[in-house]
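Undergrad: I would like the atomic coordinates for the input below:
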Amino acid sequence: MIAWARENTPDVGRAATDAFVDYWKAQPGQRGRKTDWLATWRNWMRREQIDIERRPGFRGAPVQTAVDAVVSPRPVAEEVCPAHRGHRAATCGLCRAERIAVSEADNDGAYP
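TA: The predicted structure is shown next:
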């Protein structure tokens, strides 16, 4: 367990394991029973490592990454909303909101 923690969660200290033990000892009944305590501990430690990596000022290299970032392609000029920069013409939520506001004003706020 120590070797695994040093390799996979190097920024997490012994206090996290102590907190894990105290937390699960305090759980009543069925909630405090697990079929695989080692897996439960590893998950706890992974979450602690992720929390540490997300803190402002973290200077280490992140140990675990879920997925690589996916860069979305830029829309071609024909697909860009002419009224709202940065939105796609076919799915522009601002244009839709404006259409709804106009139709509600035409109906005096009453729904048909």
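Undergrad: with adjacent residues omitted, what lies nearest to Ile52?
TA: Residue nearest to Ile52 in three dimensions, not counting chain neighbours: Asp11, with 4.6 Å by CB to CB, 6 or more residues apart in numbering. In this view, the C-beta of every residue, glycine as well, is placed from N, C-alpha and C.
Undergrad: give me the domain ranges for the protein.
TA: 2-54, 77-106 (automatic domain parsing).
Undergrad: in terms of mean pLDDT, which of those domains ranks lowest?
TA: Mean pLDDT values for the domains of the chain show the minimum at domain 77-106, a mean of 82.
Undergrad: hang on, the earlier thing: wait, isn't the residue nearest to Ile52 in contact with Arg59?
TA: No: contact criterion CB atoms under 8 Å: Asp11 and Arg59 do not qualify, at 10.0 Å.
Undergrad: the more surrounded of those two?
TA: Asp11 (16 against 5; other CB atoms under 10 Å).
Undergrad: residues in contact with the more buried one?
TA: Going by CB atoms under 8 Å, 6 or more residues apart in numbering, Asp11 touches 49, 52-53, 60, 63.
Undergrad: that concludes my questions; thank you for your assistance.
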